[in-house]
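[1] Got a predicted structure here, sequence first:
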Amino acid sequence: MSRKLRIGPGLAVALAIAALIAWQQWRLRHAPRPLIVEHQTVRTTGPLGVPDPPFVLSRAAELGLSPQQRGRVLRIAETYRREEAPLESDADKALDAAAAELERLQHTGKPATMGRASARGQAVQDTSAQLADLRFRTWPKLAEVLTDEQQQKAKAAWAKAHTLAVPGASGRKRGGG
């Protein structure tokens, strides 16, 4: 008695699934690795730094600023905006250059050399640090105008406005870490 090997529909489906799984595993191992950019934090008071004068002006009613306080904050804001404008322009240029470099690296399919990408990231970091420093240098002038309660309200509003809300995140640490 001779037996013939029969390939039925079940075996064909099983072979197709195995081939698909093997192909996906191969693709994952040979896919270009994403470029990871390290993030560093600049000095802050509290989790997110201090508010800038335009932000305080935009919250004048909420903070209960008097007309005299508004006038003083407006003068501080005008000086701040003059100093901020070139820094914002530099930050925008640095961010555009970094994004273009990352895009270029992503489309080449070659492993990224960290030299150029790191330099672009450093330029973004430097201009961001300069903007943060400008806020810190300006805050004492604002603090002279605001009451303690207004300062606390301004800082809380700034933190709320600059916090990323993640749906379902409770802020509690989970797991064994």
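    Now that the structure is in, tell me what you want to look at. Keep in mind that what you see is a predicted model, and the values were worked out from it rather than measured.

[2] pLDDT of the helix or strand harbouring residue 86, averaged?
    Applying DSSP states H and E as the criterion places residue 86 in helix 67-108. Regarding helix 67-108, the rounded mean pLDDT is 83.

[3] so where's this protein uncertain?
    Applying pLDDT under 70 to the chain flags residues 1-7, 11, 28, 30-48, 105, 109-120, 164-177.

[4] go with 80
    For the chain, residues meeting the criterion pLDDT under 80 lie at 1-16, 20, 23-49, 90-92, 94-124, 127, 162-177.

[5] now the helices: where do they sit in it?
    Applying DSSP state H to the chain gives helices spanning 9-30, 53-58, 60-63, 67-108, 114-145, 148-161.

[6] Kindly reformat these as a markdown table containing mean neighbour count.
    Heads up, the C-betas are built off the backbone N, CA and C, glycines and all. Putting these into a markdown table (neighbours: other CB atoms under 10 Å) gives the following:
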| stretch | mean neighbour count |
| --- | --- |
| helix 9-30 | 9 |
| helix 53-58 | 20 |
| helix 60-63 | 14 |
| helix 67-108 | 14 |
| helix 114-145 | 16 |
| helix 148-161 | 15 |
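
[7] Residue 69 contacts residue 142, doesn't it?
    No. Counting by CB atoms under 8 Å, residue 69 does not reach residue 142; the two are 9.9 Å apart.

[8] In contact with the closest residue to residue 123 other than its chain neighbours, which residues?
    Spatial nearest neighbour of residue 123, excluding adjacent residues (CB to CB, 6 or more residues apart in numbering): residue 94 at 3.9 Å. By CB atoms under 8 Å, 6 or more residues apart in numbering, residue 94 lies in contact with 120, 123, 124, 126, 127.

[9] Since that was my last question, I'll sign off now.
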